[in-house]
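Student: kindly generate the corresponding structure for this input.
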Amino acid sequence: MGRWKHVKWTEAGQLTALLGWPVSDQDREEPESFFDRLRADSRDNEATMFLGQALPRFAVVRWAAHLVRDLSPPDPPAADAEALKSAFLWLQDPSDHRRRAAFEAASTADDWSPQRLCALAVFFSGGSLAPENLEPVLAPKEAAGKFAAGAVLSAAARSPNWQQALDAACQLGDAFASGAESDLR
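Tutor: Got it, this is the predicted structure:
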């Protein structure tokens, strides 16, 4: 077993397939080895997307929420702040009610804000996408990770030092995958 103790995937190709990436000779590697190669090749955007699929859904939302909070300016627009707050409330109580509240908060936030994408990661993390009175419709399994990674990339792009922000994102994601983030709240 590799260093990513909180990752259920055994081969990188399982994750790259979810991302729609082409088949490669490295697909049979352990996910953390593939991730390390992306980092060594200065492909931190791809490493971030890879982490979005590697981490379990709860952990990926937690990762994104902490990074968006840490990388955001101190006074984001109120609707964006509410979207991020809804993600943290869901992390405290991952109920369906809070998951749906995150969707409502996301609907009023700026279309491309990292906070909105983070709230959408919550909504797509599990449960039905349909209204409660209709037959359940499940989200694609890669959706929460794509929204979470998108939130991280968007927050990094808006930060004063994009590369430093991506490096912090990759380090924190690696810690979440390894189980070394247990003190983070």
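Student: relative to Pro76, how far out is the residue positioned nearest the centre of the chain?
Tutor: Residue closest to the average C-alpha location in the chain (C-alpha atoms, centre = their mean): Ala148, at 2.6 Å. Look at Ala148 and Pro76: by C-beta to C-beta, to the nearest Å, they are 18 Å apart. Just so you know, the C-beta spots here come from the backbone N, C-alpha and C atoms, and that holds for glycine as well.
Student: repeat for Glu29
Tutor: As for Glu29, its distance to Pro76 is 38 Å (criterion: C-beta to C-beta).
Student: higher neighbour count, these two?
Tutor: Legend: neighbour count by other C-beta atoms under 10 Å for Glu29 and Pro76, higher for Pro76 (20 against 17).
Student: now the helices for this protein?
Tutor: 12-19, 31-40, 44-54, 57-71, 78-92, 96-108, 114-123, 143-158, 162-178 (DSSP state H).
Student: which residue, other than its chain neighbours, is closest to Gly145?
Tutor: Nearest non-adjacent residue to Gly145, counting by C-beta to C-beta, 6 or more residues apart in numbering: Gly52, 3.6 Å away.
Student: again, but for Thr16
Tutor: Nearest non-adjacent residue to Thr16, counting by C-beta to C-beta, 6+ apart: Asp27, 6.2 Å away.
Student: for Ala139, same thing?
Tutor: In this structure, Ala139 finds its nearest non-sequential neighbour in Phe124, 4.3 Å apart by C-beta to C-beta, 6+ apart.
Student: just to revisit the earlier point, the residue nearest to the centre of the chain and Val60 touch, don't they?
Tutor: Yes - using C-beta atoms under 8 Å, Ala148 is in contact with Val60, at 4.3 Å.
Student: shared neighbours of the two, anything?
Tutor: Listed as contacting both Ala148 and Val60 by C-beta atoms under 8 Å, 6 or more residues apart in numbering are Gly52, Ala121.
Student: how much space between Glu142 and Gly52?
Tutor: On the measure of C-beta to C-beta, Glu142 and Gly52 end up 8 Å apart.
Student: again, but for Ser42
Tutor: 19 Å.
Student: what's the burial count for the residue nearest to Ala139?
Tutor: For Phe124, the tally of surrounding residues (other C-beta under 10 Å) stands at 25.
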